[in-house]
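Asks: Requesting a structural model of the entry that follows:
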Amino acid sequence: MFAVQRKIFFCGIALGLLMLAGCAVTPNTLGISAQTWHKYSKAKQQALIVGYHSVSSFYKSGQAKHGGRLLQVVVAHGTVKMPPFVKSYTYRPVIFTIPEGVCRSVILRNQKAQKQVAVGACYKHGILLLDPSRYDVNKRLGSIRFYKSPLWRQGFSYRNVHSTGFVRLKDATITIRIKDATKTKRK
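Replies: Coordinates of the predicted model:
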C-alpha cells in the first residue's frame, strides 16, 4: 500500500514539473539579468515566479481594461533596461495615447533601433501608471504614478523620472496632455 502511494506521489510531482516546464518563466520575462537571477536564492526565485503568475493572471482576466478620457503621453530622454537586462540603453522618444480605464504596452527602441522593450502603461481613475513590475503584485499596474493635474490640460513635463518596474526608466522626461476625444477635425 505504501509503495503505491509513493508511486502516485512521485507521478504527481513529475506531472506538475512537466506542466510548469510548458509555461516556464525566464529571468528575461521578469526583466532580470541572468547574472542577477543566479544570485537569488531558490526561495526568492520562486516568490518572483509566483508574483509573475499573479500579475499576468490579473491582465488576462480583463480587470485592466475599460474606456474613457484620452491622454497623450510622451516618453523621452534617459535610459531603460532592455533584454538581456544587463545594461541600460538610451531610447528614441515615443508618443502614445491612452484612454481612461485602459492598460497597454508601448515599444521603446534604442537609438540604433537594434533593441526594443515593451513598457506597460495604465490610465485608471485619473492616475497614469507606467512601467509595471512583472512579479510585484503591488506594482502590477505601474511602478510610478502620475496623479491627474489641471496642468495636463495644456501639457506638463515631469523631468528626471525613475521607475522600479520591468524596464527601470532612469532620468526620463514624461509629458502628459489631456486630449479632447470628442472634438473632431473639420475639413
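
Asks: Quick check: closest non-adjacent residue to the residue nearest to the spatial centre of the chain.
Replies: For the chain, the residue nearest the mean C-alpha position is P132 (3.5 Å; Cα atoms, centre = their mean). Spatial nearest neighbour of P132, excluding adjacent residues (Cβ to Cβ, 6 or more residues apart in numbering): G120 at 4.3 Å. (Each C-beta comes from the backbone N, C-alpha and C, glycine too.)

Asks: Outside of the helix or strand harbouring that neighbour itself, list whatever touches it.
Replies: For G120, the enclosing helix or strand under DSSP states H and E is strand 116-124. Identification of contacts with strand 116-124 by Cβ atoms under 8 Å, 6 or more residues apart in numbering yields 64, 66, 69, 71, 73, 75, 80-83, 96, 98-110, 128-132, 141-142, 165-167, 169.

Asks: Note down every partner strand of that strand and its orientation.
Replies: Next to strand 116-124 in the sheet, as set by DSSP bridges, lie strand 102-109 (antiparallel), strand 127-130 (antiparallel).

Asks: Which of the contacts of strand 116-124 are buried? Put it as a ChimeraX command.
Replies: In ChimeraX, a selection of the buried entries from the contacts of strand 116-124 looks like this (16 or more other Cβ atoms under 10 Å):
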select :64,69,71,73,75,80,81,82,98,99,100,102,103,104,106,108,110,128,129,130,131,132,141,142,165,166,167,169
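
Asks: one step back: W152 is nearest to which of the strands paired with strand 116-124?
Replies: W152 sits nearest to strand 127-130 of all the strands paired with strand 116-124, at 8.9 Å, using Cβ to Cβ.

Asks: mind showing which ranges of the chain have poor pLDDT?
Replies: Filtered on pLDDT under 70, the chain yields the residue ranges 1-23, 54-68, 180-187.

Asks: Surely T79 is in contact with K170?
Replies: Yes - the pair T79 / K170 is scored as a contact, 4.9 Å apart, by Cβ atoms under 8 Å.

Asks: anything in contact with each of the two?
Replies: With Cβ under 8 Å, 6+ apart as the test, T79 and K170 both reach S88.

Asks: residue boundaries of the strands in this protein?
Replies: 70-76, 79-81, 88-90, 94-99, 102-109, 116-124, 127-130, 144-147, 156-161, 172-179 (DSSP state E).

Asks: Quick check: bridge partners of T175?
Replies: V74, S157.

Asks: Actually, N110.
Replies: Assessed by DSSP bridges, N110 has beta-bridge partners Y91.

Asks: ok, it - contacts?
Replies: N110 neighbours (Cβ under 8 Å, 6+ apart): 82, 89-92, 116.

Asks: Highest neighbour count among these?
Replies: Greatest neighbour count in those, by other Cβ atoms under 10 Å, goes to Y91: 26 neighbours.

Asks: That one contacts R109, correct?
Replies: Yes - the pair Y91 / R109 is scored as a contact, 6.1 Å apart, by Cβ under 8 Å.
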